[in-house]
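Asks: Sharing a model prediction with you, sequence too.
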Amino acid sequence: MPIQTSTERASLAAKYAADALFGAVYTTAPGASAGTEPSGGSPAYARKSLTWSGTNPITATATFDIPTSTTIVGAGVHTAVTAGTYLDGITVTSQAFATQGTYTVTFTFTES
């Protein structure tokens, strides 16, 4: 079995960063498909552009506007600001918002 080098792992992480351009949060748990994204609010919820840093692991942080009466239970990454392809997601410790607020996610990808 060939052993993957650190250069190959960094290359795969760079490919992930090139594809995972937008972050999202969800009101239902993601899995093989994305969770349900919030809607509404003022300012309105929207996916956020991700700027990745590092080589392996890579990280990107985004702060989302969350509407009143919304509970966030997951986060994930997509190829586009709307529609596009869902790439990856994870459940998070749920956080309920009784009023409009913000939710910050630090996305991390490690190729090991």
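Replies: Looks like it came in fine.
Asks: Please enumerate the strands of this structure.
Replies: Using DSSP state E, the strands of the chain run over residues 22-26, 48-49, 53-54, 58-66, 70-78, 86-97, 101-109.
Asks: Quick one: those as a markdown table, columns for mean neighbour count too.
Replies: (C-beta placed from N, C-alpha, C; glycine too.) Converted to a markdown table, those look like this (neighbours: other CB atoms under 10 Å):
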| stretch | mean neighbour count |
| --- | --- |
| strand 22-26 | 23 |
| strand 48-49 | 15 |
| strand 53-54 | 12 |
| strand 58-66 | 18 |
| strand 70-78 | 21 |
| strand 86-97 | 14 |
| strand 101-109 | 15 |
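Asks: Any idea which of the ones you listed gets closest to residue 33?
Replies: Proximity to residue 33 (CB to CB) singles out strand 86-97 among the strands of the chain, at 6.2 Å.
Asks: Which strands or helices does that closest one pack on?
Replies: On a contact count with 3 or more CB pairs under 8 Å, 6 or more residues apart in numbering; DSSP states H and E, strand 86-97 meets strand 70-78, strand 101-109.
Asks: make it 6 Å
Replies: strand 70-78 (3 or more CB pairs under 6 Å, 6 or more residues apart in numbering; DSSP states H and E).
Asks: The strand it packs on pairs with which strands?
Replies: Sheet pairing for strand 70-78, assigned by DSSP bridges, gives strand 22-26 (antiparallel), strand 86-97 (antiparallel).
Asks: From the rest of the structure, what touches the longest one?
Replies: Contacts with strand 86-97, where a contact means CB atoms under 6 Å, 6 or more residues apart in numbering, come from 20, 29-30, 34, 66, 70-78.
Asks: pLDDT of that strand, averaged?
Replies: Per-residue pLDDT over strand 86-97 has a mean of 97.
Asks: just how off-centre is it within its chain?
Replies: Here the centre of strand 86-97 is set off from its chain's centre by 8 Å, with CA atoms, centre = their mean, to the nearest Å.
Asks: Good, wrapping up.
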